[in-house]
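Peer 1: following is a predicted model, sequence given first.
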Amino acid sequence: MSAVIIAILVLLGLAVVFGIVLGFASVRFKVEGNPIVDQIDALLPQTQCGQCGYPGCRPYAEAIAGGDTINKCPPGGQSTIEALADLLDVEAIPLDDEHGEEKPRSIAYIREDECIGCTKCIQACPVDAILGAAKQMHTVIMSECTGCDLCVEPCPVDCIDMIPIETTLSTWKWPTPKPGIELIATDAGRGSAQQGGFA
Amino acid sequence: MTEFLLILISTVLVNNFVLVQFLGLCPFMGVSNKLETAMGMSLATTFVLTLSSLCSYLVYTYLLAPLEMAFLKTIAFILVIAVVVQFTEMVVRKTSPLLYRVLGIFLPLITTNCAVLGVALLNIKKMNGFMESIVYGFGAAVGFSLALILFSAIRERVAVADVPTPFRGAAIGMVTAGLMSLAFMGFTGLVSF
Amino acid sequence: MSQVFAFHGGVHPPENKRQSTRTPIRQAPVPARLVLPLSQHIGAPAEPLIKVGDKILKGQRIADPVGRISAALHAPTSGTVSAIAPHPIPHASGMEAACIIIDSDGEDRWIEHEGLADYRTLGKAALTDYIRNSGITGMGGAGFPTDVKLHLGDDHIVNTLIINAAECEPYITADDMLMRERADDIVAGIEIIDYLLKPSHILIGIEDNKPQAVRALEKALAGCSLNIDLRVVPTKYPSGGEKQLIKLLTNVEVPSGHIPADVGIVCQNVGTAYATARAVHHGEPLISRIVTLTGEAVAQPQNFEALIGTPYELLLRAARVSPNDLYRLVVGGPMMGFSVDNDQIPVIKTTNCLIAACPDEMPAAPPAQECIRCGLCEQVCPAELLPQQLYWFAKGRELDKAKHHNLFDCIECGACSYVCSSAIPLVQYYRNAKAEIRSDEAEQRKAEHARVRFEARQARLEAEQAEKEARRKARAEEAARNQAARKDKPLATASSTSPAPIAAPAGEPDLKQLKTAASVARTKLKQAQKALKNAEDKGQEGIDALRDTVNALNTKAEAAQQTYDQALNADSAASTAPDAKQLKTNAAVARTKLKQAEKALASARDNGGDDIAALESRVRELELRARDAQQAYDAADAGAPGIDPTKLAELKADMEAAKAKVDKAQAALEGAIASNSPAVEKMTAGVEKLRGKYQEAKAAFDAAASAPAVPPIVSPTRLAELKADMDAAKAKVDKAQAALEGAIASNSPAVEKMTAGVEKLRGKYLEAKAAHDAAASAPAVPPTVSLARLAELKADMDAAKAKVDKARAALEGAIASNSPAVEKMTAGVEKLRGKYLEAKAAHDAAAGTATKDVAAAPAAQAPVDIKALKQQVSIMRTKLKKAEKALQEADADAAPPLEAEVKELGARLNSARETLNAADQARIAAAAAAGVDLKQLQVDAALARAEVTKTERALGSADSTAATELEQALLQARSRADELSKTLSRFE
């Protein structure tokens, strides 16, 4: 009987001691702030589109630092998810469809003869990329547009199109080389199977 | 001194915890996708393993053994390991944010690494002394790191290789790990400790 | 011969150079059509100087460089500019870029040109500028503008000039043939470059597979005063690479990420030296170059001197290509060139070779196999990189690591691909990885930029918010301060304030303001008087000062009062139709004041005050004023020419209010009598007074009512308003009634009061109803309803209908769930339905009128606002789109109503569109009926307007002799423009 009591006491004693140590440590080694937010923010595409459900890229960065999933950014797409996974040392997961799908980078274009000059898009633009005044035709500054889509919804006459950015000579990229012959006969015609990791 | 060296060789190569004794396979498979990650994990494990084998030795020798409470060792060691991991995480986070960036995510994972508990228990079983326990723990950690880093380097290459579809991902990883294990079996008989 | 060093790696591919060196350089024919890309060099594209249709001469500058790193462009032959348009250019992407396209006139006529007599007399800057204007770029491969490389002197010390004559790539012999035939010009070019750079020594690097070129150069160098070191290097690809040649000749390694000039070395190609000499000594800009035409598919491999802009097809024909054998057309060498599949692509400044290869010569690349880590690529890499490692990184998309392994030092020479035993297209991987890294970086920059802009916007919005807040606060503070100031003023600043601000606005006196001023002055006076009295009582010092103040204030108050009175009089005099109400109020105010004054006087008399006299005078004055006001009011009242119903209603309201007061007072009096209050007498008086007021009001009302009422023209909107009033009144009555009943039920003591309230409300309702009925029965002005208005009404109606539906659905839900709110909801639904019916009625009525209007439109230029219609259509379209989207997103059970909505919206959109079209048509038809083409008219009007502006501008800059003429022209143009505008506006 006494052995049981001793055992309980021993474990209790250990637990108390360790508890004190940890409690002391948590007070003594308290850390404020989270420098990781800046790093996450730097990886996000800064379209400020809010498709992630947060009002801008920085709030989402803060949410990620606070433990939110990293797959809520459609403009950044898979490459951003991979960069985030790299930074945070977590698995890269596919984009969450709930927040939209990855589209080619595009910019807004206002069909100027249909624009009625309501300034609603100007107010919606998070980066001040739309120029215009009340009752005057508006236009998008192409170099500043992030393609966030936010101006499309408010337009009362639907005169804003999202036009995918065309490749020019200066933005043309050498294509990825075609993969070599498939050595495994059974793989023929299966396409590229997913190269996944362990969960 | 020779003894310590022998312990090291034994734990790193001959009785490699991962590839020969098959302990700590979870992080071995889980965090070996990228070399940098594997290195971070190795560092963290080395740190914790050494510290926890020391602590568990102390707890056993000066608390459990005198009270004849040896049967409590497993539960007590788990407690010790959890506390060591937690404590390490806090200290590292405060003192070296950079190291925390590297280790941060993996530190909590180590709590569930069976190699850590295995080392603590084996120390008792082999009746290692204080220094021996530390060296044994350190050697085990180095062996774990070696296996993990080698494996992740291989997996980085395998990721871009032309692997048959059914084998892609975890399957080829397992095959690779098996082959590595076979290779490490070659050290058997080099030292017996 | 001096020492030659070695560089790491390199390969020895079959040279294939002999085929094209058998015959001398041949002049290529002048093509009928030349295509000159605006960007033939590294850097910004040039800016065209000519327009389509311009005649140009050979050698004429047709495009200017833009920015520091850019090159000019010259016409290679004489002819006409036929277009400046996108055209395929020699680029690996096969894409198009802006080009100047010239139709040759076949004369090949030079513009006047001559070389510099002695370039040494020119400054270095001027000579560099001259070279820049001659459009000379590096002829070796990259096409870097030469003048930039020649103008380094300021921040770089050049000690070695290397002339690159290695020409290491297989097949290409353009430089070889140039050296064989035109070595003198090359040496002349080197002299010019030497003059500009002043290097301590000059090296020419040439591979040992060109002995004839070496001999020719040696011969030319014999007559040269410069100490030029000709060094023959062993043939090995890529010894012609800039950094490799530098290593070969000087054993200096150019550090990663640096240019040779950083280590004091400048490299120039022999072709560039030749072009420089032609430009400086002969005044010929860079308009032609040597191009090697080779490959097994051409019958006569040889070098051509081709004009820049010559299409490949012409050169291929000149070299007698056999189209059946032609398998691949490669631009550049076999190692670094690229295939093109369009033979209309032109020769540009960097095109040194065209290889028309047959299938055996350049077979398609075999499929890549797995890397076997043989390490051959590492051994041949001239940049000493780890190609195999880079390949893994590029393939595994680990671009950061690739960058850390110095991917950007790769010169893309192709040596690794050449030796790869698994036939992996390594260079393509590197090119792709480089492009990916660059675009990632660009995106990163853009993201950073966007972030900065976003934060700036955020900051701006916050600042705006803060500013607004601050302004609001400031206003509040200001108000508080003013309040405080007004309180503090009398004693402190009374004497210093002048009455000027009160007297000043005499021109158009603001009555209200004046009144305020007057009252303020009065208040001040009173305060001052009080203070004075206090002071006198207590025998304090400063009494004199106070007295002064009081006097000053007195005068001021009087002045203010006078101003006010004057203004008042002026106002009442000036107003032709005096506002009866205002007058009445005035009269009442005057009376009240009089009474007050009388009271004050009485009390003053009782107390034996000093200011009795003043008060008396004031009372008199007030009496006068009261009488005046009353008179004015009476006059206005009597003379009211026609009292409109609103006025009447007002009067009635006044009357009723008066009556209510009387009643209340009476009740109070009775209560007082009952309780034996001492105030009875006073109250009686009050009641009497009130009764008098009531009588007065009643009289006024009766008078107004009996006055011949002007038949009111009631617009439908007014009618609707009245109706709304009526409804509101009715609702109030109902509510009150309900409350009353509740009160009765609960035996509340307030029942009586409530009953009275209800009665009152009912009265109001009846009144409102009467007004409404009257208005309704009044001859309604036929409302001109625009289509837009109609659409609005319809929208209202629809909205109302939707609301009804929604409410009904809610109600059903509530009934189903036995909610206690059912009754209320039912009422709500009923109400909504009423609203809907009303809206519908309004819409129908309007539609009736509108259709009539529309029918009448074509003849009488319908009051149809096309723009409004257009907007309407747009809005409809949007609504429809949104509804459609909602439909798509909605789940199955919500779909049917949405579908219906979408259908309805579609129908509405169509009808709106039809209306718009009809209106448009009508407009055009109306114009056509008048025999005018509307469009033509518009164009004419615009042209006429433009003519006017043009003439005006000309007039502005013309001198006096031409001025009169121009003025006349202007007048004419203006009248024509006006006329056209008028015609146009008739139809629009």
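Peer 2: Great, that's in hand. Because the structure is predicted, anything quoted here is derived from the model rather than measured.

Peer 1: contact residues of chain B facing chain A?
Peer 2: With Cβ under 8 Å from any Cβ of the partner chain as the criterion, chain B meets chain A at residues B:29-30, B:33-34, B:37, B:40, B:59, B:63-64, B:67-69, B:71-72, B:75-76, B:79-80, B:83, B:86-87, B:90-91, B:93-95, B:97, B:101, B:104-106, B:159, B:162, B:164-166, B:168-170, B:173. Every residue, glycine included, has its C-beta placed from N, CA and C.

Peer 1: for the closest residue to C:L38 other than its chain neighbours, grab the count of nearby residues.
Peer 2: The shortest distance from C:L38 to any non-neighbouring residue, by Cβ to Cβ, 6 or more residues apart in numbering or on different chains, is to C:P45 (4.3 Å). C:P45 is flanked by 21 other residues according to other Cβ atoms under 10 Å in any protein chain shown.

Peer 1: mind checking the SS state of C:P45?
Peer 2: Judged by DSSP: H, G, I helix; E, B strand; the rest coil, the three-state class of C:P45 is coil.

Peer 1: who does the longest helix seen in chain C touch, helix- and strand-wise?
Peer 2: Scanning chain C for the helix with the most residues, using DSSP state H, yields helix C:426-493. With contacts taken as 3 or more Cβ pairs under 8 Å, 6 or more residues apart in numbering or on different chains; DSSP states H and E, helix C:426-493 sits against helix A:36-43, helix C:387-395, helix C:399-404, helix C:415-419, helix C:511-538.

Peer 1: select from those the stretch with the lowest mean pLDDT.
Peer 2: Mean pLDDT per stretch puts helix C:511-538 lowest among those, at a mean of 68.

Peer 1: all strands of chain A, in order?
Peer 2: In chain A, the segments counted as strands under DSSP state E are A:106-110, A:130-131, A:139-140, A:160-164.

Peer 1: just to revisit the earlier point, next, the angle from the longest helix of chain C to helix A:36-43.
Peer 2: 120 degrees (axes from the mean of the first three to the mean of the last three Cα atoms, to 10 degrees).

Peer 1: which among the residues of chain B next to chain A end up buried?
Peer 2: When these are checked for burial by 16 or more other Cβ atoms under 10 Å in any protein chain shown, the buried set is B:29-30, B:33-34, B:37, B:40, B:59, B:63-64, B:69, B:72, B:76, B:79-80, B:83, B:86-87, B:90, B:93, B:101, B:104-106, B:159, B:165, B:168-169, B:173.

Peer 1: and those residues near chain C, which?
Peer 2: Contacts with chain C are made by B:A159 out of those, judged by Cβ under 8 Å from any Cβ.

Peer 1: picking that back up, could you export the strands of chain A as a markdown table, including mean neighbour count and distance to chain B?
Peer 2: Putting the strands of chain A into a markdown table (neighbours: other Cβ atoms under 10 Å in any protein chain shown; distance: least, Cβ to the nearest Cβ, whole Å) gives the following:
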| stretch | mean neighbour count | distance to chain B |
| --- | --- | --- |
| strand A:106-110 | 19 | 31 |
| strand A:130-131 | 18 | 40 |
| strand A:139-140 | 18 | 40 |
| strand A:160-164 | 15 | 30 |
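
Peer 1: need the ones you listed in CSV (columns: distance to C:K198).
Peer 2: Formatted as CSV, the strands of chain A follow (distance: least, Cβ to Cβ, whole Å):
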stretch, distance to C:K198
strand A:106-110, 50
strand A:130-131, 52
strand A:139-140, 52
strand A:160-164, 53
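
Peer 1: okay, the ones you listed in a markdown table with mean pLDDT and distance to C:K58 next?
Peer 2: Shown next, in a markdown table, are these (pLDDT from 0 to 100; distance: least, Cβ to Cβ, whole Å):
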| stretch | mean pLDDT | distance to C:K58 |
| --- | --- | --- |
| strand A:106-110 | 90 | 43 |
| strand A:130-131 | 90 | 45 |
| strand A:139-140 | 92 | 43 |
| strand A:160-164 | 90 | 42 |
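
Peer 1: could you dump the ones you listed to a markdown table with distance to chain C?
Peer 2: Listed next are the strands of chain A as a markdown table, based on distance: least, Cβ to the nearest Cβ, whole Å:
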| stretch | distance to chain C |
| --- | --- |
| strand A:106-110 | 11 |
| strand A:130-131 | 11 |
| strand A:139-140 | 14 |
| strand A:160-164 | 11 |
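
Peer 1: where does chain A get nearest to chain B, which residue?
Peer 2: The shortest separation between chain A and chain B is 3.7 Å, found at A:F29 (distances taken as Cβ to the nearest Cβ).

Peer 1: does that residue really touch B:P97, like I thought?
Peer 2: No: between A:F29 and B:P97 there is no contact, the gap being 11.7 Å when judged by Cβ atoms under 8 Å.

Peer 1: tell me the contacts of the residue nearest the centre of chain A?
Peer 2: Centroid-nearest residue in chain A: A:C73, 3.2 Å away (criterion: Cα atoms, centre = their mean). Applying Cβ atoms under 8 Å, 6 or more residues apart in numbering or on different chains, we find A:C73 in contact with A:44-45, A:51-52, A:60, A:80-81, A:95, A:99.

Peer 1: mind redoing it with 7 Å?
Peer 2: A:44-45, A:52, A:60, A:80 (Cβ atoms under 7 Å, 6 or more residues apart in numbering or on different chains).

Peer 1: same deal with C:A220?
Peer 2: Per Cβ under 7 Å, 6+ apart, neighbours of C:A220: C:183-184, C:187.

Peer 1: who's the closest spatial neighbour of C:G106, skipping the chain neighbours?
Peer 2: Nearest one to C:G106, counting by Cβ to Cβ, 6+ apart, is C:V30 at 7.1 Å.

Peer 1: so what's the one you found up against?
Peer 2: With Cβ under 7 Å, 6+ apart as the criterion, the residues that contact C:V30 are C:77, C:104, C:108, C:307.

Peer 1: again with C:T128
Peer 2: Counting by Cβ under 7 Å, 6+ apart, C:T128 touches C:147, C:150-151, C:196.

Peer 1: that one and C:H201, how far apart?
Peer 2: Look at C:T128 and C:H201: by Cβ to Cβ, to the nearest Å, they are 22 Å apart.

Peer 1: with B:Q21 instead?
Peer 2: Counting by Cβ to Cβ, the gap between B:Q21 and C:H201 amounts to 70 Å.

Peer 1: kindly report the same for C:T160.
Peer 2: Distance, C:T160 to C:H201, using Cβ to Cβ: 6 Å.

Peer 1: more crowded one of those two?
Peer 2: C:T160 (21 against 13).

Peer 1: surely that one touches C:P199?
Peer 2: Yes: if you go by Cβ atoms under 7 Å, C:T160 and C:P199 touch, sitting 5.6 Å apart.

Peer 1: for the longest helix along chain A, packing partners?
Peer 2: If you go by DSSP H, chain A has its longest helix at helix A:2-28. Counting contacts by 3 or more Cβ pairs under 7 Å, 6 or more residues apart in numbering or on different chains; DSSP states H and E, the secondary-structure elements packed against helix A:2-28 are helix B:73-95.
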